[in-house]
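In: Mind looking at a prediction? Sequence and model below.
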Amino acid sequence: MKRLVILLGLLLASVGTYAGGGHSEEGFNPGHMIFHHLLDDYQWHFATVGNKHISLYLPIIVYSPERGLSIFSSKYLIYNEHYNGYKIERSKLGKPYIVAVDENGNPLDIPVYDFSITRTVFQAILAAILLLLIMIPVARTYSRDPYSPPRSLMQRLLEPVILFIRDEVAKPTIGEKHYKFLPYLLTAFFFILTSNLLGLTPLGFNITGNISITATLTLFTFVIIHSNANKEYWKHIFNTPGVPWWLKFGLPIMPIVEIISVFSKHIALAVRLFANIFGGHMSMLSILSMIFIFGAISVIAGYGVSVITVALLIFLFFLEILVAFIQAYIFTMLSSLFIGMAVQEHH
């Protein structure tokens, strides 16, 4: 019962947080609310109490060849039309970006390189710090006595997962060389899992629902594969066995097909994680919007729909927890499989 009360409290906090990004003078805008939560931003918005927004304003770091480096708080751009020669513009979906302006706020056609600590970057750093705080004490315990049984609660929770990744993911797909790539696989798994779970908290922003994060993770996999690939891997791409010579050298169809296949596998790896997390959050936010849409029609309709909506959100919340683990596992498994295809000796 206590856990259910806590869960309902989290959901109600979510309602307050999400609703704050969707109200305007014309009323509730579900599209604005959904994309306000899903897209990146220069502030980390927690909640709206009355007319007051509770936010963490992140640093703006921009460089222009004509103006040099500028560093200041995003608060100045959010509450002013323009500041220090820059202002925030938004795309049709609401994604913010910075442009240079003159003293009257008119955009200038000069290049601006944005290195700002956005919400995505900040929470990626937060997830990394959280992992370090958890993993370093556990690693120190094992370094002192590798064969000792788990002592702390965190060791008891982590050891079965680490052994599962080693014995059921890395060993079967990579083989004898799995120990070389196990640190990366474990890092990717726990980083994705931590980010997924943080994104389910009312104050969280799921960074794995951002294609730039999943693409970066996939780039790490790509670099590791092709910096460790053996000659059999490259031979399969540029001199595919069992294929007529004219398809390989006369009309180089097979090498082109194989190169496209290499990139398409990694693109699919990035998009799969992004689409599942992004789609799950969009579904939850769309269902949450029903409360405010029906509430605008009638107070009774709003309360009536809210009962069904909250029950469905509780179900989806637990489903998303399961998806958080599944997607971390799938990314790790496919990365391990692709690495194994590149480093295993073929007989």
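Out: Nice, I can see it.

In: Help me confirm that residue 147 is found in a helix?
Out: No: counting by DSSP: H, G, I helix; E, B strand; the rest coil, residue 147 is not part of a helix but coil.

In: Which pLDDT value does the model give it?
Out: Per-residue confidence (pLDDT) for residue 147: 76.

In: and it, how far is that from residue 76?
Out: 57 Å (CB to CB, to the nearest Å). Yep, even glycine has a C-beta here, placed from its N, CA and C like the rest.

In: Between the two, which has more neighbouring residues?
Out: residue 76 (14 against 5; other CB atoms under 10 Å).

In: So that one sits against residue 85, correct?
Out: No: shown here, residue 76 and residue 85 do not form a contact pair, counting by CB atoms under 8 Å, at 11.4 Å.

In: Tell me which residues touch the spatially most central residue of the chain, please.
Out: With distances taken as CA atoms, centre = their mean, the residue of the chain nearest its centroid is residue 208 (1.3 Å). Residues near residue 208 by CB atoms under 8 Å, 6 or more residues apart in numbering: 192, 195, 196, 199, 214, 273, 274, 277, 327.

In: Correct me if wrong: the third one contacts residue 327.
Out: Yes: using CB under 8 Å, residue 196 and residue 327 qualify as a contacting pair, with a distance of 6.5 Å.

In: neighbour-wise, which of the two wins?
Out: residue 196 (27 against 23).

In: Wasn't that one part of a helix?
Out: Yes: assigned with three-state DSSP, residue 196 falls within a helix.

In: quick one: it and residue 209, what's the gap?
Out: 9 Å.

In: Find residues that contact each of those two.
Out: With CB under 8 Å, 6+ apart, residue 196 and residue 209 have common neighbours residue 277.

In: would a markdown table of the contacts of residue 208 with secondary structure and distance to residue 167 be doable?
Out: Formatted as a markdown table, the contacts of residue 208 follow (DSSP: H, G, I helix; E, B strand; the rest coil; distance: CB to CB, whole Å):
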| residue | secondary structure | distance to residue 167 |
| --- | --- | --- |
| 192 | helix | 20 |
| 195 | helix | 25 |
| 196 | helix | 23 |
| 199 | coil | 29 |
| 214 | helix | 26 |
| 273 | helix | 23 |
| 274 | helix | 29 |
| 277 | helix | 27 |
| 327 | helix | 21 |
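
In: Just the buried ones from those?
Out: The neighbour-count criterion (16 or more other CB atoms under 10 Å) marks 192, 195, 196, 199, 214, 273, 274, 277, 327 among the contacts of residue 208 as buried.

In: now the helix or strand hosting residue 266: mean pLDDT?
Out: In the assignment (DSSP states H and E), residue 266 maps to helix 253-297. When pLDDT is averaged over helix 253-297, the result is 87.

In: a helix runs through residue 32, doesn't it?
Out: Yes: using three-state DSSP, the secondary structure at residue 32 is a helix.

In: Quick check, it in contact with residue 92.
Out: No: the criterion here is CB under 8 Å, and residue 32 misses it with residue 92 at 11.4 Å.

In: Find residues that contact each of residue 196 and residue 327.
Out: Contacts common to residue 196 and residue 327, judged by CB under 8 Å, 6+ apart, are 208, 277.

In: Under the pLDDT cut-off, which ranges of the stretch 1-150 of the chain? List them.
Out: 1-28 (pLDDT under 70).
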